[in-house]
Structures are given as structure tokens and as C-alpha cells.
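S.K.: fold the following and give me the result.
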Amino acid sequence: MIVRESINFERGLDPRQAMEIGLKTWDKISPGYILKPKKEVYVSNKGNFAAEYGSADTIWQDMYILILLVQKIWDKELHKEIIYTNYIKCWTLPEAIEKSKGDLDKLGAKRMFGTQKQFENRFEIIQRKDESKNS
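M.R.: Got it, this is the predicted structure:
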């Protein structure tokens, strides 16, 4: 039996991303997710992403952040969903994994919010909550 199958891939896209296979997605982000900045991320006093160094908080590229709380709210003016998060910074992945196994409500947190696109541009998802529980 010969099976001939073809799938049209878009040039420049990772096939796994195009087919959404095995990906950690922003749609399902929840407490316990671990993120890694793609570059330095600046967060203002209000919690929104800032453009320059000297903001209230800097998340360095070699850090990890553990998401403690996620709320998604539709912004009527922007016509976009805004993701509100509480997070803590960790210097190493093992530290973030260890903290994710504990009671997330008891950790002191900072606040950050933005659109899904803003998060995608600044962070990559390293580990989901269910993955860290099994390690």
C-alpha cells in the first residue's frame, strides 16, 4: 500500500508551529508556566511593558519568570484581549521549577500585563505547569 500525502507548509514557518503540534501555546497560559525573556524586558510601575531601561522592573535575558496568576480581560477600546499576570523572577530554571511545585499564592509577586502579541515578542514558554509537576 502506498500512501501519498501532501501538506502545504508556509515558507519560513516551523512546521510544528504551522500545524500547532507539540507546542506550548499562549492561549492556555496559566499559573505555574515558566517563561524566559528573548531579550531584556522592562516593566513600568503600572505593570505595562516599557520601552527603556530604568523602568520599575527589569527582567534580564538570563532570568526565568514563574507565572503565579493569569487574568484575561477584553479591552473594548483596543479591541484586544489583555493578559494580566503576577510573576516572580528566578535566576535559574531549577529554582523556577522548584518554586512552581509549592503554593503559588504564598509567593510575593510583581504585576505585568500586555497583549498576547506583546508577550510572544518578549518571552518564550519554557515549561508548562503540568510538565514541572512531573519533573
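S.K.: so residue 115 makes contact with residue 83?
M.R.: Yes - between residue 115 and residue 83 there is a contact at 7.1 Å, judged by C-beta atoms under 8 Å. All C-beta atoms are positioned from the backbone trio N, CA, C, and that covers glycine.
S.K.: more neighbours, the two?
M.R.: Counting neighbours by other C-beta atoms under 10 Å for residue 115 and for residue 83 shows that residue 83 has the greater number, 19 against 16.
S.K.: can you show me the strands along the chain?
M.R.: In the chain, the segments counted as strands under DSSP state E are 34-37, 41-43, 49-50, 57-59, 64-75, 80-90, 110-115, 123-127.
S.K.: what residues sit buried inside the longest one?
M.R.: Spelled out, it's strand 64-75. Going by neighbour count (16 or more other C-beta atoms under 10 Å), the buried part of strand 64-75 is 64, 65, 66, 67, 68, 70.
S.K.: helices or strands next to that strand in the packing?
M.R.: In terms of contacts (3 or more C-beta pairs under 8 Å, 6 or more residues apart in numbering; DSSP states H and E), strand 64-75 is packed against strand 34-37, strand 80-90, helix 93-100.
S.K.: deepest of the ones you listed, which one?
M.R.: A comparison of the helices and strands packed on strand 64-75 by mean neighbour count, using mean count of other C-beta atoms under 10 Å, puts strand 34-37 on top with a mean of 21.
S.K.: who does that strand pair up with?
M.R.: For strand 34-37, sheet partners with direction are given as strand 64-75 (antiparallel), strand 123-127 (antiparallel), following DSSP bridges.
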